[in-house]
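Colleague: model the structure of this input:
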Amino acid sequence: MKKSTYLLLAAGAALLAACGGNQGYTVTGTVEGAQDGETVYLQKPEGRTLVKLDSAIVRDGRFTLEGVQDTAIVCYLTYQGAKPEEGRGMDFFLENGEINVELGVNSHVAKGTPNNDAYQVVRQQLDDLTHQVYALYEAMGDTTLTQEQREAKAGEMEALDKKMDEVTGQAIAGNITNAVGVYLLKRNYYNMGVEELDTLVGQIPAEFASDPAIVRIKDNVEKLKATAPGQKFIDLAMQTPEGKAVKLSDYAGRGKLVLVDFWASWCGPCRREMPALVEMYGKYKSRGFEIVGVSLDRDAEAWKKGIEQLGITWPQMSDLKYWDCEGAQVYAVSSIPHTMLVGADGTILARGLHGDELEEKIKEALGN
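Modeller: Below is the predicted model:
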């Protein structure tokens, strides 16, 4: 072979490698408990559903998926065994390169490419904490535990929940310029304060800016700024359970301390929190304290039934639009229960307080 021809071929090969001409993805993995001949599906989330992109048959305990991906996207690997309880799935980043996965019963692994390696670090930390939470939950089923022991374990669970939020927050901040940080932000932004969110959103690269979820988060940040503590409340117009027109301004900004409680009859955590609100209402109502419930219900009868079952006696309002509720939209409420405390002059004093923190703020605002 002539030297010039060899050099030309070598240069061409180098150029192909540099441009990714021979690149693609190979996902190779195992599924704990799967039998040869069973199927693993590659699926992409679209809204609240998963759409199948590809599938692979398990052979000799392993499966392989191959293809080419323009940009890294979040996908799921799912498997359904013979029994319903044998179904499992894991999220990972579909991107070009060699991806090695382990789809387990209690934990999952995806590594081998940049985004998956970064995400696996977070996944492992959160899996470890989740297992600790489950162990405590099972331990609390012991009927011989004293009340003091139960309270101690509940405190441990709360500490673990906070640790999970801390780990997630650190992972988002450390990866906000790549697909991992953006993905985690989209899933956990509702746990963050407006200043933190504002800072993170400002660091998101242009390639992710048009993502509909990121656009919504940016919009929410602006709404959260407009309704943050120190701002005047924004009025809402809805209906009472009886169908009468009512406004938030009928109660807020009229000399009373008003707690706006965003909730719904279908929301389990809301129902669990309600007895504490009922107790607070009884303790502080005579001192100029009022609660206004803003419901994200969509069924009027379910809403009314929930009010009766939970012993709610304070004013209620809703437009029965579920998450499209005007209140949720105006105040960027992305999870419930959510509270907002409004001072006598209509100034927002606090948002997102619950339990003892909320009661302490109420007592402070009422002058103890």
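Colleague: so the closest residue to residue 176 other than its chain neighbours: helix, strand or coil?
Modeller: Spatial nearest neighbour of residue 176, chain neighbours left out: residue 203 (4.8 Å); criterion: CB to CB, 6 or more residues apart in numbering. (Glycine included, C-beta is placed from N, CA and C.) Of the three states, residue 203 takes coil under DSSP: H, G, I helix; E, B strand; the rest coil.
Colleague: burial measure for residue 203, as a count.
Modeller: 11 (other CB atoms under 10 Å).
Colleague: residue 197 versus that one, what's the distance?
Modeller: For residue 203, the distance to residue 197 under the criterion CB to CB, to the nearest Å works out to 11 Å.
Colleague: check residue 229 too.
Modeller: 15 Å.
Colleague: quick one: which of these two has more around it?
Modeller: For the pair residue 229 and residue 197, the greater number of neighbours falls to residue 197 (22 against 14), based on other CB under 10 Å.
Colleague: now for the more buried one: which residues touch it?
Modeller: By CB atoms under 8 Å, 6 or more residues apart in numbering, the contact set of residue 197 is 189, 217, 220-221, 224.
Colleague: which helix or strand contains it?
Modeller: Residue 197 belongs to helix 194-201 when assigned by DSSP states H and E.
Colleague: in that helix, what's buried?
Modeller: Judged by neighbour count (16 or more other CB atoms under 10 Å), helix 194-201 contains these buried residues: 194, 197, 200-201.
Colleague: low-confidence regions, the chain specifically.
Modeller: Under the criterion pLDDT under 70, the flagged ranges of the chain are 1-22.
Colleague: which parts of it are helices?
Modeller: Along the chain, the stretches classed as helices by DSSP state H are 3-19, 114-139, 147-175, 179-188, 194-201, 212-226, 268-284, 300-309, 326-330, 355-365.
Colleague: name the helices or strands packed onto the third one?
Modeller: Under the contact criterion of 3 or more CB pairs under 8 Å, 6 or more residues apart in numbering; DSSP states H and E, helix 147-175 touches helix 114-139, helix 179-188, helix 194-201.
Colleague: buried deepest among those helices, which one?
Modeller: Mean neighbour counts were taken over the helices and strands packed on helix 147-175 using mean count of other CB atoms under 10 Å, and the top value, a mean of 21, falls to helix 179-188.
Colleague: show me what it is in contact with.
Modeller: Counting by CB under 8 Å, 6+ apart, the neighbours of helix 179-188 from elsewhere in the structure are 72-74, 93, 95, 115, 118-119, 122, 165, 168-169, 171-176, 200, 204, 208, 211, 213-214, 217.
Colleague: output that helix as PDB, nothing but the C-alphas.
Modeller: As requested, C-alpha coordinates have been extracted for helix 179-188 and formatted as PDB (Å, rounded to 0.1, in the frame of the first residue of the first chain):
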ATOM      1  CA  ALA A 179     -28.900  16.200  31.600                       C
ATOM      2  CA  VAL A 180     -28.800  14.600  35.100                       C
ATOM      3  CA  GLY A 181     -29.200  17.900  36.900                       C
ATOM      4  CA  VAL A 182     -32.000  19.000  34.600                       C
ATOM      5  CA  TYR A 183     -33.800  15.700  35.100                       C
ATOM      6  CA  LEU A 184     -33.500  15.800  38.800                       C
ATOM      7  CA  LEU A 185     -34.600  19.400  38.900                       C
ATOM      8  CA  LYS A 186     -37.800  18.600  36.900                       C
ATOM      9  CA  ARG A 187     -38.700  15.900  39.400                       C
ATOM     10  CA  ASN A 188     -37.900  17.800  42.600                       C
END
